[in-house]
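Visitor: I need the structure of the sequence given here:
(chains A and B)
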Amino acid sequence: DAGVIQSPRHEVTEMGQEVTLRCKPISGHDYLFWYRQTMMRGLELLIYFNNNVPIDDSGMPEDRFSAKMPNASFSTLKIQPSEPRDSAVYFCASSLEGEYEQYFGPGTRLTVT
Amino acid sequence: SQQGEEDPQALSIQEGENATMNCSYKTSINNLQWYRQNSGRGLVHLILIRSNEREKHSGRLRVTLDTSKKSSSLLITASRAADTASYFCATEVYRDDKIIFGKGTRLHILP
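Guide: Down below sits the predicted model:
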């Protein structure tokens, strides 16, 4: 398996623009997680899905952030409008039901200027 | 909220020495995991220890768990240059599907 795939790997955008990050989980995995990593705050869980259904979005910082999982093989995290404080590395991870190990993608480094 | 806190925040040791990192947490857990992150990469799962286990080994890794003290340690024996990375503990809180990561220990192995 190719592992968790994220795109793009790097994104530079101007404040106010819409940003869409994409994730393809490992085939057959039931859970999908979106994390944000910064030096100041460490690794934060934003939202997670089970069988394509959002279970806990309490980590989503504000209404500017939204996430969808239209099918088992694809998820998006959207920021609209983006702000400089959204600059971070965003990770997607997936796991199997009953298994605790999470498999992480390579991350998307977002820079908002 | 931060559940796990690693200690120390950074550690530099000579190649061949053993490296020990500690993790403390606040609430009851189902299990505790350790992950490694190389610079610019995603996290990689290393080892999981369940709440009813006290010690676990995997290759050069040894993990201990003390639920009475709400703490865990990760020992890497005979360190190598390739072990240079950040190490995170992650706790699965009792009756929850998600895991919460600490801020990590940055380990640097000196040649």
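Visitor: quick check: phi and psi on residue A:84?
Guide: phi -50, psi -30 (degrees, to the nearest 10).
Visitor: what about the helix or strand of chain B with the lowest mean pLDDT, near chain A?
Guide: Of all helical and strand segments in chain B, the minimum by mean pLDDT, DSSP states H and E falls on strand B:5-7, at a mean of 85. No: Strand B:5-7 lies apart from chain A when judged by Cβ under 8 Å from any Cβ of the partner chain; the minimum separation is 9.8 Å. Quick note: C-beta positions are derived from backbone N, CA and C, even for glycine.
Visitor: who touches that strand?
Guide: Residues from elsewhere that reach strand B:5-7, judged by Cβ atoms under 8 Å, 6 or more residues apart in numbering or on different chains: B:21-25, B:87-89, B:102-105.
Visitor: near chain A, which residues of chain B show up?
Guide: B:2, B:30-31, B:33, B:41-45, B:48, B:88, B:92, B:97-104.
Visitor: so what's the residue count around residue B:71?
Guide: For residue B:71, the neighbour count with other Cβ atoms under 10 Å in any protein chain shown is 18.
Visitor: got a list of what residue 10 touches?
Guide: No chain specified, so I'll use chain A. Residue A:10 neighbours (Cβ under 8 Å, 6+ apart): A:108-109, A:111.
Visitor: ah, no, chain B please
Guide: B:105-108.
Visitor: and it, bridged to which residues?
Guide: residue B:106 (DSSP bridges).
Visitor: I'd like the distance between it and residue A:91.
Guide: 22 Å (Cβ to Cβ, to the nearest Å).
Visitor: and what of residue B:84?
Guide: 20 Å.
Visitor: equivalent analysis for residue B:17, please.
Guide: 31 Å.
Visitor: excluding chain neighbours, what is closest to the residue in chain A that chain B sits nearest to?
Guide: Nearest residue of chain A to chain B (Cβ to the nearest Cβ) works out as residue A:104 at 3.4 Å. In space, and not counting its chain neighbours, residue A:104 is closest to residue B:42: 3.4 Å by Cβ to Cβ, 6 or more residues apart in numbering or on different chains.
Visitor: what sits up against the helix or strand harbouring residue B:34?
Guide: Here residue B:34 sits within strand B:29-37, counting by DSSP states H and E. Contacting residues not belonging to strand B:29-37 are listed as A:100-101, B:4, B:23, B:25, B:43-51, B:61, B:63, B:65, B:67, B:72, B:74, B:85-96, B:99, B:101, B:104 [Cβ under 8 Å, 6+ apart].
Visitor: and for stretch A:50-64?
Guide: A:30-31, A:44-49, A:66-67, A:69-72, A:79-83, A:86, A:97, B:97-98.
Visitor: if we go to 7 Å?
Guide: A:30-31, A:44-49, A:67, A:69, A:71-72, A:79-81, B:97-98 (Cβ atoms under 7 Å, 6 or more residues apart in numbering or on different chains).
Visitor: can you pull the buried residues of it?
Guide: A:54, A:56, A:59-60 (16 or more other Cβ atoms under 10 Å in any protein chain shown).
Visitor: in the residues you listed, find the pair that's most separated.
Guide: A:54 and A:59 (11.4 Å; Cβ to Cβ).
Visitor: so how many other residues sit close to residue 83?
Guide: If you meant another chain, say so; for now it's chain A. 13.
Visitor: not quite, I wanted chain B
Guide: For residue B:83, using other Cβ under 10 Å, the count is 19.
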